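>>> got a predicted structure plus its sequence, pasted below:
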Amino acid sequence: MDNTYLDMELLRFTTAGSVDDGKSTLIGRLLYDSKSIFEDQLDQVETSSKKRGLDHTDLALLTDGLRDEREQGITIDVAYRYFATPKRKFIIADTPGHIQYTRNMVTGASTANLALILIDARHGVVEQTCRHSFIASLLQIPHLVVCINKMDLVDYSEEVFEKIKAQYESFAAKLDVHDIRFIPISALKGDNVVNKSEKMSWYQGSTLLYTLENIHIASDQNHIDCRFPVQTVIRPKQDEYHDFRGYAGRVAGGVFKKGDEVAVLPSGFTSKIQAIHTMTGEIDEAFAPMSVTMTLEDDIDLGRGDMIVRTHNRPDVSQEVDIMLCWFNQTGPMPRAKFTLMHASNEVKAMINKVQYKLDINTLHRNEEDLDIKMNDILRVSVRTTKPLMKDSYRKNRLTGSVILVDDATNETVAAGMII
Amino acid sequence: MSKYNLTHLKELESEAIYVIREVFAQFEKPGILFSGGKDSIVVTHLARKAFWPARIPFPLVHIDTGHNFPETIAFRNDLAKEIGAELVVPLVQESIDKGRVREETGKDASRNWLQITTLLDAIEENGFDALMGGARRDEEKARAKERFFSHRDDFGQWDPKNQRPELWNIFNGKKNFGEHFRVFPISNWTEMDVWQYILSENIAIPSLYIAHNRDVIRRGGTWLPNSEFIKLREGEEIVNKKIRFRTLGDITITGGDESDADTLEKIVAEVAAARQTERGNRADDKRSETSMEDRKKEGYF
Ligand SMILES: Nc1nc2c(ncn2[C@@H]2O[C@H](COP(=O)(O)OP(=O)(O)O)[C@@H](O)[C@H]2O)c(=O)[nH]1
């Protein structure tokens, strides 16, 4: 059997663009050209295209769930789509670009390795381009791919492309993103999406698909700072494992090896890793994002919410934390409201002590006057918790540096935040 | 590939195990909705991995419509025994007998909708607060937006407008009394991933998935298995074909494809070359374009 499939990597990316920039068309084309579309799905799209009086098959209809919703003005949300090439499997978090939906973009961006930003070549960088890019930067998406779309409508002009690129770069200097690439494409005609464009011989770079397949993502994980949030303790009832006490979790950072000296937080007790278990046998080392079970050499009282780290490299343990918060809920918080703050496998009660400023995500201006918290606001806040958090800055580790706030009255997730 | 890099299958596996452990940690009485299909078999396998060397701490909950493939039932019983899992089997027939639901009549009658009541009753009677299922987002339009942790109100209903955002790997399983969650650990898997995983882990699956000879009837563009529940219609005849099933539902509505794929390797090759989505042969989805969305709102899997 052809085994290449078993060697594939996973790339998660998010897409963003203003309405009509061609996002659905582009996704449709990626799915279609990578043969991820089945006949019955294509039949449906052909029928719908005809129903709408189109003379071509509109690939954008492949993702029409969101389009219909948009037209009807109901829920707009993140939709996940999948395709694969022999090199990689891709998960697309498809988020609508509408102005109000910061919340969805933040959600889609939270797990992405890459953000695909669409710009209409006729319009250049617009307000929403800046907003999407800023969110990608805030959420620390390591790679940005800026697709300048509809090149067919500007005569495939190099000048137009270069102008938009320069425009984007001058704005992006303010962002915290280090890998930005630009690709001139026509999603509709297929130029530089999967196949190299014959109309743009001046463009020396890679096609979009080639970029997605080859961009280096192995170093996106933090393999330096060892963090193992304990999800649950495994105590088998079978006699043969009578003394087994395993700590189950998913490595959030670093590489843990059998025999490593470790500390358990928040208690601070130290021990050594006795073994790292999986159902198919013990392994010598575990790294992010592996789910494993560890046993320690000493009997230590430890459970869900605790964290195993290396003795010489510890996260900050504190009850005061500064957070960039994105407020999701329709209603803002009541004064001095208490929340449940979820962080890694830990849960504590928390209160927003102070709003330091609100960020205008179009201009990056810090507003220290209007500190009222409303839906889709991004704010820097100081939070106090009832129990210590074992935390890293979000820049250092996306998993031990992120939190959500849950309203105890409604159980809703009202905000998400990045630890500073 | 660099040393500290996982293949996509290992990463998906690790994500699913993480989700399953979250369910165990956040809920009081979780279970696995076990249909006997490959997806719920994979979820069960992942649950074993998540808690090994302990036994899986969840019962397998099988909503029994009475319209099963006999192979599915035998497989279910063997698996539960082998892994030492408790089986909970609520019967649709019982819901009918108790007058909770009425059997559909007419030529396309099925027990698909009836299962919803049986399931919701079982959730209440057993006090389940989370049920894990094998649904995947790539299966169907309505599922593309589904969460890992999908909140259901106290009528068991799904409100697509009121789902919680899920960020990073933080899952909010908080709920009020009477509400419950459906959890989908393999949300991010595709059909191809599932088959590759079954192959690479050597997971046992019901023989129905593998090409075999069977008496079938041509109906609605697919080969429906002959069974005691089926009435021949005008012009139909029973023929014997070598077929296999790509999904397993009730024997009354699950169509097979002609196939020579009689090994896992051949199935994977066939899936890779497939031209139809796997649900394409399920009569329950064909009733209307939005049928899945409708059923989900009512509390379907
Ligand atoms: N000429 C041209 N039209 C395009 C291109 N990409 C998209 N469009 C058209 O732009 C319109 C909006 O595209 P759509 O994909 O629906 O945009 P979305 O709102 O971003 O999803 C549609 O009429 C598309 O056919 C392109 O590369 N060239």
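Structure received. Numbering: from 1, shown residues only, chains lettered A, B, ... in the order given.
>>> buried ones in stretch B:221-238, by neighbour count?
Using 16 or more other Cβ atoms under 10 Å in any protein chain shown as the test for burial, stretch B:221-238 gives B:222-226, B:230. Bear in mind the C-beta positions are built from the backbone N, C-alpha and C, glycine included.
>>> with residue B:169 as the reference, measure out to the most far-flung residue of chain A relative to its centre.
Computed with Cα atoms, centre = their mean, the maximum C-alpha offset from the centroid of chain A is found at residue A:239, amounting to 43.2 Å. Distance check for residue A:239 against residue B:169: by Cβ to Cβ, to the nearest Å, it reads 35 Å.
>>> for residue A:190, same thing?
Distance from residue A:190 to residue B:169, counting by Cβ to Cβ: 36 Å.
>>> more neighbours: those two, which one.
residue B:169 (21 against 17; other Cβ atoms under 10 Å in any protein chain shown).
>>> parallel or antiparallel, which strands does the host helix or strand of residue A:271 pair with?
Using DSSP states H and E, residue A:271 sits in strand A:270-278. Strand A:270-278 has these partner strands in its sheet, going by DSSP bridges: strand A:261-265 (antiparallel), strand A:281-283 (antiparallel), strand A:291-296 (antiparallel).
>>> what lies in contact with the last one?
To tie it back to what came earlier, the one meant is strand A:291-296. A:228, A:234, A:244-251, A:256, A:262, A:264, A:271-278, A:283, A:286, A:308, B:13-15, B:17-18, B:21, B:50, B:52 (Cβ atoms under 8 Å, 6 or more residues apart in numbering or on different chains).
>>> any quick ChimeraX command for the buried ones out of these?
The ChimeraX command for the buried members of the contacts of strand A:291-296 (criterion: 16+ other Cβ under 10 Å) is given here:
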select /A:228,234,246,247,248,249,250,251,256,262,264,271,273,275,276,277,278,286,308 /B:13,14,15,17,18,21,50,52
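>>> sorry, back to before: can you add secondary structure and distance to residue B:46 and give the buried residues of stretch B:221-238 back as a markdown table?
Shown next, in a markdown table, are the buried residues of stretch B:221-238 (DSSP: H, G, I helix; E, B strand; the rest coil; distance: Cβ to Cβ, whole Å):
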| residue | secondary structure | distance to residue B:46 |
| --- | --- | --- |
| B:222 | strand | 30 |
| B:223 | strand | 31 |
| B:224 | strand | 32 |
| B:225 | strand | 29 |
| B:226 | coil | 35 |
| B:230 | coil | 35 |
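>>> nearest to residue B:58 among the residues you listed?
residue B:225 (30.5 Å; Cβ to Cβ).
>>> pretty sure that closest one sits against residue B:216.
Yes. Under the criterion of Cβ atoms under 8 Å, residue B:225 makes contact with residue B:216 at 5.7 Å.
>>> count of neighbours near the residue of chain B found nearest the ligand?
Closest to the ligand within chain B is residue B:144: 14.7 Å, counting by Cβ to the nearest ligand atom. For residue B:144, the count of nearby residues is 21 (other Cβ under 10 Å).
>>> so for it, what's the pLDDT?
At residue B:144, the model reports a pLDDT of 80.
>>> now swap in residue A:94 and tell me
Value listed for residue A:94 in the pLDDT field: 86.
>>> what about the residue nearest to it when sequence neighbours are not counted, neighbour count?
The spatially closest residue to residue A:94, leaving aside those adjacent along the chain, is residue A:79, at 4.7 Å (Cβ to Cβ, 6 or more residues apart in numbering or on different chains). Residues near residue A:79, counting by other Cβ under 10 Å, number 23.
>>> these two touch, right, residue A:79 and residue B:143?
No. The criterion here is Cβ under 8 Å, and residue A:79 misses it with residue B:143 at 9.5 Å.
>>> re the thing from before, quick one, what contacts the residue of chain B closest to the ligand?
Here residue B:144 is in contact with A:65, A:79-81, B:137-138 (Cβ under 8 Å, 6+ apart).
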